[in-house]
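need a 3D model of the following:
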Amino acid sequence: KIDGSHPGGSGSGSGNAGTEPKKPPVVKQPVSRQQSRPGGSGSGGGGGGGAVTQAAAGKATDWKDRAFVLAAVRHDGKALSKASKKLKEDREVVLAAVKQYG
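Next up is the predicted model:
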């Protein structure tokens, strides 16, 4: 007996009640925000070599590229250790790394 109290029911008890296939509810999964840290490797080490920064820059990892290194150190200040010698002496790059890492 259909009493109209079930979800989606109209309460009229019309002739097609129960003939429509029951659809599972749509559950939206949260977007994963887990990101790799530049320069990390293995599990627990922070990820796989800066995949986030690479994707954002659209380039291969280039530790001589100022824009790439600046983005990397803003994400993880320890990434400065992988930068070229010239960029390790760049005031803005070093300040960004210190600001992020401490």
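
list the buried residues in stretch 83-97.
Residues of stretch 83-97 classed as buried: 83, 87, 90, 93-94, 96-97 (neighbour count, 16 or more other CB atoms under 10 Å). Every residue, glycine included, has its C-beta placed from N, CA and C.

so which of those belong to helices?
Under the assignment DSSP state H, those contribute 87, 93-94, 96-97 to helices.

what's the following helix or strand after the lowest-mean-pLDDT helix or strand in the chain?
Ranking every helix and strand in the chain by mean pLDDT, DSSP states H and E puts helix 51-57 at the bottom, with a mean of 48. Downstream of helix 51-57, the first helix or strand assigned by DSSP states H and E is helix 66-75.

picking that back up, let's have the ones in helices among the buried residues of stretch 83-97 in CSV, adding pLDDT and distance to Val69.
Formatted as CSV, these follow (pLDDT from 0 to 100; distance: CB to CB, whole Å):
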residue, pLDDT, distance to Val69
Leu87, 97, 5
Val93, 96, 6
Val94, 96, 10
Ala96, 97, 9
Ala97, 96, 9
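
ok, those vs Lys78, which is closest?
Ala97 (7.8 Å; CB to CB).

hmm, that closest one is touching Ser81, no?
No: contact criterion CB atoms under 8 Å: Ala97 and Ser81 do not qualify, at 9.1 Å.
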